[in-house]
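Visitor: with the sequence up front, the predicted model follows.
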Amino acid sequence: MKKQFAMLWTMSAVVGLLVVGCQKNSTGPENELAPAGVTDEISSMKQQAAADEFVKNDELTFDDNEIQPTDYGYLLGKVDAAITPLRWGRFVRSVTRTFAIEVQPGDSTAVGRVHKNVVGTLKIRGINGAGDTVLVEKPFNDESDRNILFKRVRRDPRQYWRNWIPVATSLVDGGTVSNPQIEIKQIQIVKRNGDSLTINNPLRFFLRYPRMGHRNGDADMLEVSGSDSVKVTVTLESASPDTDLVALRFGMNSQYKNRARMFLTSQRQIGRIYEKVFTRTFYVHNRPGHFHAAVDAATKATLFDDDVTKYSVSWWGVPYRVF
């Protein structure tokens with residue numbers, strides 16, 4: 001009887017081990033399920049693009065959420081309201097995102113296009129010709145694009161969602177789509193150590209993510225440490241001889257959001273177009289993470305004319321990482 005009981009106990013232990021082993025195998029990497037909503041490589045890349053840290057926060061850089069002087073932010077100090085000729089703010093109401101993926105010849109790289117439709121209101125507080133303080137609200141519908149570069153790292157038909165990874169991002173190219181009166185043509189960025197970037201086509205210039213072994217892209221991602229200074233120079237074309245208002249934005253949320261007027265350094269007329277150069281240096285906040293430095297160019301009529309139809313802007317967003 002004791003011998004039968006011992007044999008029964010031994011068989012039960014063996015069966016238990018087999019069951020545990022099966023359970024472990026059922027949750028192993030080879031049996032891992034695809035993320036929700038991912039059914040193939042294309043949908044996987046779209047999901048990765050949507051979750052990208054830079055893709056998620058670029059429109060936040062342009063959302064003021066309140067009416068402020070052109071120069072505001074914790075790194076710039078407050079401007080006294082008595083001498084502020086103009087206060088304004090962009091209020092983003094909704095953002096609609098669409099994603100498209102194009103696999104390049106050779107099936108080793110792919111480009112994802114992220115398109116955003118941005119709807120909101122530009123609010124301007126100023127003084128009219130009668131000396132009265134007025135609030136002008138201009139509805140706007142901007143659009144923006146950016147590209148994400150993907151690299152194929154494997155060819156696994158079972159775990160197809162792991163076959164591609166994002167390795168670089170372009171700049172953000174945004175602004176008024178219908179009847180644009182102003183357009184950014186070039187941005188130059190110079191760090192305190194002398195490293196510089198000059199960008200003429202925001203959607204074809206890729207900044208590499210800091211991943212070892214993947215050298216895709218035109219230049220490394222702009223990485224700076226807290227309190228570093230960065231000089232930004234922008235060249236734009238405008239239909240107006242008047243001085244346009246160009247603002248440099250950096251940071252992300254209300255605590256780290258900054259907007260500073262860029263200074264006009266040169267202007268020349270080329271036919272009916274005016275080429276203008278603006279510059280400004282900003283100092284990086286100490287919060288680590290993924291952010292955007294952005295150049296936000298608006299025609300003078302956009303901010304100084306109470307006609308709600310007078311709205312034309314152009315903006316580029318440059319991703320950077322604080323470490």
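Guide: Cool, the structure landed.
Visitor: what's the helix or strand for Gln188?
Guide: strand 182-191 (DSSP states H and E).
Visitor: buried residues, that strand. List them.
Guide: Within strand 182-191, the residues scored as buried using 16 or more other Cβ atoms under 10 Å are Ile182, Glu183, Ile184, Ile187, Gln188, Ile189, Val190, Lys191. (Glycine included, C-beta is placed from N, CA and C.)
Visitor: and if you look at stretch 171-178?
Guide: For stretch 171-178, the neighbour count (16+ other Cβ under 10 Å) marks Leu171, Val172, Asp173, Gly174, Gly175, Thr176 as buried.
Visitor: can you flag which of the residues you listed belong to strands?
Guide: Under the assignment DSSP state E, those contribute Val172, Asp173, Gly174, Gly175 to strands.
Visitor: among the residues you listed, which one lies nearest to Gly106?
Guide: Asp173 (26.2 Å; Cβ to Cβ).
Visitor: which ones are touching that closest one?
Guide: Ser144, Asp145, Arg146, Pro202, Leu203, Trp316 (Cβ atoms under 8 Å, 6 or more residues apart in numbering).
Visitor: will you turn those into TSV that also has secondary structure and neighbour count?
Guide: Formatted as TSV, those follow (DSSP: H, G, I helix; E, B strand; the rest coil; neighbours: other Cβ atoms under 10 Å):
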residue	secondary structure	neighbour count
Ser144	strand	23
Asp145	strand	15
Arg146	strand	25
Pro202	coil	22
Leu203	coil	14
Trp316	strand	25
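Visitor: could you pull out the helices for the chain?
Guide: For the chain, the helices defined by DSSP state H occupy 2-26, 41-51, 53-57, 300-304.
Visitor: residues contacting the most centrally placed residue in the chain?
Guide: Closest to where the C-alpha atoms of the chain average out (Cα atoms, centre = their mean) is Asp58, at 2.9 Å. Applying Cβ under 8 Å, 6+ apart to Asp58 gives the contacts Ser144, Arg146, Val172, His292, Ala294, Gly317, Pro319.
Visitor: out of those, who's nearest Phe54?
Guide: Pro319 (4.4 Å).
Visitor: tally of neighbours for the closest one?
Guide: 25 (other Cβ atoms under 10 Å).
Visitor: so it makes contact with Ile189?
Guide: No: proximity of Pro319 to Ile189 does not meet the contact threshold set by Cβ atoms under 8 Å, at 11.3 Å.
Visitor: pLDDT below threshold where in the stretch 151-300 of the chain?
Guide: Where the stretch 151-300 of the chain drops to pLDDT under 70, the residues are 211-215, 251-256.
Visitor: any chance you could map the strands in it?
Guide: 164-170, 172-175, 182-191, 196-199, 206-208, 219-220, 222-224, 229-238, 245-250, 258-261, 263-270, 273-283, 289-298 (DSSP state E, counting those that start in this stretch).
Visitor: indicate which one of these is closest to Gly126.
Guide: Proximity to Gly126 (Cβ to Cβ) singles out strand 245-250 among those, at 12.5 Å.
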